[in-house]
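Engineer: next one to model:
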Amino acid sequence: MSALSEARVERPVEEISADTTAGGAQAFGGAADLQKAVFDRAARAAERGDFSEALIIAAEGLVIDRLRPEAWCAYGQILRQSGRPRDAAHCFSRAIELSPNDAGFWSELGGAFNMSKAFTRSLACHERAIGLAPNNTELLHNYGAALMQAGREEAAAEMFDRVLALRPASPRAQWERGVCRLRLGDYAGGWPGYEARLKPGMRAAQPPAPLSLPKWAGESLDGRTLLVAAEQGLGDMIWCARYLRSLRRMGARVILQCGVELVELFKANAVADQLVVLGQELPAADFYIDMCSLPPFFVRSAADIDGAAYLSAPEERRSKFAPWLTPPGAPLRIGINWSGNPRFPGNRDRSADVGQFIHAFDQPGVQLYSLQKGPAASELSALSMARLARPRVVDLGALFDDLADAAAACMELDLVVTTCTSMAHLCGALGVPVWLLLNFRGYWLWGLTGQHTPWYRSMSLIRAERWNDWGGVFDCAGARLQELLSYRVV
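Structural biologist: Okay, the predicted model is just below:
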């Protein structure tokens, strides 16, 4: 690390700003080119996920010339990518001070406020941006995204309409508009945009589709072989599995590609004629379709959705958990799951603290069971060591080898409470009573309002009234459990 890096790495953004002097622009020959090169290095480090290095390099770049607004904007972008939206907002504000009529700087500031959930300020900044550049599709798109985060889906859809009027082929705008319509319950209007997720540049971390095959577009499947390609997350795969039997009833021989975690569960339920694990060679077929492209063939309105259970756990797996379970009856057996896939960018917004689960649901007449897998599972043991009284939680998640195990455990419980949507999909597909705890804006599948979803009859939704208002969610859920327990008193 250079001496300059050592001097800058720990300094607050405000301190760097205060150092601004009129002589900064003359400090180096060819300052603009040198500064751009430095920030390009910082951006590459951020793309690799090395945010500490990116911030060190960006600080070096800012020192070269603190009077260039583009430098403050570039530094703010690195800070925002590093998860520091408030510091980023300071940088974008500094850029605006130096160039108040730059629409891009106003949009960047709106993005930083949006990331901080300061929606009123965010929307004001975006309005200023498009006032300065009313036909800039990137800025219009940013405004639409902010409107979605603020819970104004109708206005967001209109903003994406404006983008598409100027750039009809924009897959991002098609996708965002589609999601807006779906969240509003307009399935017929939303599915076309939803398909834009498959366009080039839109499928992050997805396996390649079998492009050598023609994509199924509704042709007769009688006597034909259809390959259903895996995509998105485990929950999405479970959600769409309901339609695989319909394909078989249409005469298709169905080959399903899926992750290894799902193989035994899907095999036990005979959802397809053949299962292929991701990474294995794909067999011959007449057509292919991506898994999450199935619902548009079957659902045009909420009336077309059947929320009945369509999966069951393998019988031989259910006995695995018998030694760990209390006898049926009292106490109530409740499973808890507080975090989803940590690699999912939005997991922070849909995860809660395990302590909140225990505080709300460790009530008289209840036995809690952890269904958590992955890094978050260690939070339970850490909480136990930090408390004088060990929480009465049995760790079933430690026994899971795959989702067939998870399904078997869930079917032995009276209720599952979760913030993890994969677990919610699993329980809904099994017909297990499940309470899904949602942040202010959940996935489009859960709609905007109401305690129920047409997709799963056994699911109840408990929603936050504001972003990250988990206290209110757990207060409501804990009171609901207390009421449920009152009816079980003999």
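
Engineer: pull out the buried positions in the helix or strand harbouring residue 228.
Structural biologist: Here residue 228, judged by DSSP states H and E, is contained in strand 225-229. Across strand 225-229, burial judged by 16 or more other CB atoms under 10 Å covers 225, 226, 227, 228, 229. For every residue, glycine as well, the C-beta is placed using N, CA and C.

Engineer: and what of stretch 360-372?
Structural biologist: For stretch 360-372, a neighbour-count test (16+ other CB under 10 Å) marks 360, 361, 362, 363, 366, 367, 368, 369, 370, 371, 372 as buried.

Engineer: show me what contacts the last one?
Structural biologist: Residues in contact with residue 372, defined by CB atoms under 8 Å, 6 or more residues apart in numbering, are 336, 337, 338, 339, 354, 379, 380, 397.

Engineer: what does the model give the nearest residue to residue 230 once chain neighbours are set aside for pLDDT?
Structural biologist: Spatially, and ignoring its direct neighbours in sequence, residue 230 is nearest to residue 257 (4.4 Å; CB to CB, 6 or more residues apart in numbering). As summarised for this prediction, residue 257 has a pLDDT of 96.

Engineer: again, but for the one 5 residues further on
Structural biologist: You'll see residue 262 listed with a pLDDT of 98.

Engineer: also residue 54?
Structural biologist: 88.

Engineer: name the SS class of it, please.
Structural biologist: What DSSP: H, G, I helix; E, B strand; the rest coil gives for residue 54 is helix.

Engineer: going forward, the N-terminal residue is numbered 44.
Structural biologist: New numbering, starting at 44: the last item is residue 97.

Engineer: ok, now which ones touch it?
Structural biologist: Taking CB under 8 Å, 6+ apart, we find residue 97 in contact with 85, 86, 88, 89, 121, 124, 125.

Engineer: what about those, which are in helices?
Structural biologist: Among these, the members falling in helices (DSSP state H) are 85, 86, 88, 89, 121, 124.

Engineer: pretty sure the last one sits against residue 94.
Structural biologist: Yes: because the distance of 6.8 Å satisfies CB atoms under 8 Å, residue 124 is recorded as touching residue 94.

Engineer: list the buried residues in stretch 331-346.
Structural biologist: Neighbour count says stretch 331-346 has 331, 332, 333, 334, 335, 336, 337, 338, 339, 340, 342 buried, by 16+ other CB under 10 Å.

Engineer: list the contacts of it.
Structural biologist: Identification of contacts with stretch 331-346 by CB under 8 Å, 6+ apart yields 228, 230-231, 234, 237-238, 240-241, 252-253, 256-259, 261, 269-275, 279-280, 282-283, 286-287, 289-290, 299, 347-348, 497.

Engineer: only the buried subset of those, as a ChimeraX command please.
Structural biologist: This is the ChimeraX syntax for the buried subset of the contacts of stretch 331-346, where burial follows 16+ other CB under 10 Å:
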select :230,234,237,238,240,241,252,253,256,259,269,270,271,272,273,274,275,279,280,282,283,286,287,290,299,497
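
Engineer: ok, which stretches of the stretch 394-533 of the chain are strands?
Structural biologist: Here the stretch 394-533 of the chain has its strands, by DSSP state E, counting those that start in this stretch, at 409-413, 436-438, 458-461, 477-481, 502-506.

Engineer: note down every partner strand of the second one and its orientation.
Structural biologist: In the sheet, strand 436-438 lines up against strand 409-413 (parallel) (DSSP bridges).

Engineer: run through who's touching the strand it pairs with.
Structural biologist: 367-369, 374-380, 400-401, 404-405, 420, 423, 434-441, 452, 456, 524, 528.

Engineer: picking that back up, which one of the buried residues of stretch 403-415 is nearest residue 141?
Structural biologist: Nearest to residue 141 out of the buried residues of stretch 403-415 is residue 415 (CB to CB; 48.3 Å).

Engineer: what about the contacts of strand 409-413, which are in helices?
Structural biologist: 400, 401, 404, 423, 452, 524, 528.

Engineer: with pLDDT added, can I get the ones in helices among the contacts of residue 97 in a markdown table?
Structural biologist: Formatted as a markdown table, these follow (pLDDT from 0 to 100):
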| residue | pLDDT |
| --- | --- |
| 85 | 87 |
| 86 | 86 |
| 88 | 86 |
| 89 | 84 |
| 121 | 90 |
| 124 | 90 |
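
Engineer: show me how to select, in PyMOL, the buried members of those residues.
Structural biologist: Per 16+ other CB under 10 Å, the buried members of the ones in helices among the contacts of residue 97 correspond to this PyMOL selection:
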select buried, resi 85+86+88+89+121+124
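
Engineer: give me the neighbour count for the closest residue to residue 479 other than its chain neighbours.
Structural biologist: Spatial nearest neighbour of residue 479, excluding adjacent residues (CB to CB, 6+ apart): residue 467 at 4.3 Å. Burial of residue 467 is recorded as 32 neighbouring residues (other CB atoms under 10 Å).

Engineer: does residue 467 touch residue 476 like I think?
Structural biologist: No: here residue 467 does not reach residue 476: they are 11.4 Å apart, not a contact under CB under 8 Å.

Engineer: show me the contacts for the nearest residue to residue 470 once chain neighbours are set aside.
Structural biologist: Among residues not flanking residue 470 along the chain, residue 477 sits closest, at 3.7 Å (CB to CB, 6+ apart). Counting by CB under 8 Å, 6+ apart, residue 477 touches 458, 459, 460, 461, 466, 467, 470, 471, 499, 501, 502, 503.

Engineer: 7 Å instead?
Structural biologist: The neighbours of residue 477, taking CB atoms under 7 Å, 6 or more residues apart in numbering as the test, are 459, 461, 467, 470, 471, 501, 502.

Engineer: tally of neighbours for the first one?
Structural biologist: Around residue 459 sit 29 other residues, with neighbours defined as other CB under 10 Å.

Engineer: for it, which residues make a bridge with it?
Structural biologist: Assigned bridge partners for residue 459, using DSSP bridges, are residue 378, residue 477.

Engineer: go ahead and confirm it touches residue 474.
Structural biologist: No: applying CB atoms under 7 Å, one finds residue 459 not in contact with residue 474, separated by 11.6 Å.

Engineer: quick revisit: in strands, which of the contacts of stretch 331-346 fall?
Structural biologist: 269, 270, 271, 272, 299 (DSSP state E).

Engineer: redo the residues you listed as CSV? Include distance to residue 510.
Structural biologist: CSV is the format used below for the ones in strands among the contacts of stretch 331-346 (distance: CB to CB, whole Å):
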residue, distance to residue 510
269, 41
270, 40
271, 36
272, 34
299, 37
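
Engineer: all good on my end, thank you.
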